[in-house]
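1. missing the sequence, but the structure's below:
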């Protein structure tokens, strides 16, 4: 009977040890996931923390986003040039409607140093790239996958366009679709400032 008891006791210890090992592994994995989440939140807060809401007359916070080709693009790369930052999404009918006019305006004023940075709000690279290629647009398109930049800038309606003058200050913030007439009467005169 003692040999049988000893065998049962060994089996029970093995099962308990196996359960402990499994629980330990689960605990370590969960702890690792929590740590990764905390680090990602800290990085997001740090990045978003350096961005301030856009206000006419102030300087637009410098930012870095990835373009459709995986290249990092900074707003400061365009220092001394007029830049129209356009927040948009493929699911937004007014965004889609204004894009041909924006593209034509971009093409017409590139020689003056003007650039358009089309910042996509939260969509995948493949979805955005497919839309841009289908439409034949050539302006730079940047990805804000979780809209952290746009949120930090105070942009919550699409489309929204921010014109940054040559001096780096925000000349105008336009919420809603820009028409050809508005681009000519409201934006074009500000390109030289």
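-> Arrived safely, thanks for sending. Since the model is a prediction, treat every value here as computed from it, not as a measurement.

2. how about the spatially most central residue of the chain, what does it touch?
-> Centroid-nearest residue in the chain, with C-alpha atoms, centre = their mean: residue 144, separated by 1.1 Å. Listed by C-beta atoms under 8 Å, 6 or more residues apart in numbering, the contact set of residue 144 reads 65, 119-122, 150. Every C-beta, even on glycine, is put in place using the N, C-alpha and C of the backbone.

3. next, count neighbours for the residue lying closest to residue 145 once chain neighbours are set aside.
-> In this structure, residue 145 finds its nearest non-sequential neighbour in residue 122, 6.1 Å apart by C-beta to C-beta, 6 or more residues apart in numbering. Using other C-beta atoms under 10 Å, residue 122 has 15 neighbouring residues.

4. try residue 93
-> Neighbour tally, residue 93, other C-beta under 10 Å: 9.

5. what pLDDT does the model give the residue nearest to the centre of the chain?
-> Here the pLDDT value assigned to residue 144 is 97.

6. okay, and the beta partners of it?
-> residue 121 (DSSP bridges).

7. list the buried residues of the host helix or strand of residue 104.
-> Using DSSP states H and E, the secondary-structure element containing residue 104 is helix 93-109. Neighbour-count burial for helix 93-109, counted by 16 or more other C-beta atoms under 10 Å, picks out 95-96, 98-99, 101-103, 105-106, 109.

8. also stretch 184-193?
-> Neighbour count says stretch 184-193 has 186-188, 191 buried, by 16+ other C-beta under 10 Å.

9. show me the contact partners of that stretch.
-> Contacts with stretch 184-193, where a contact means C-beta under 8 Å, 6+ apart, come from 82, 84, 105, 109, 112, 114, 163, 165-167, 171-172, 174, 178.

10. I'm done for today, thanks for sticking with me.
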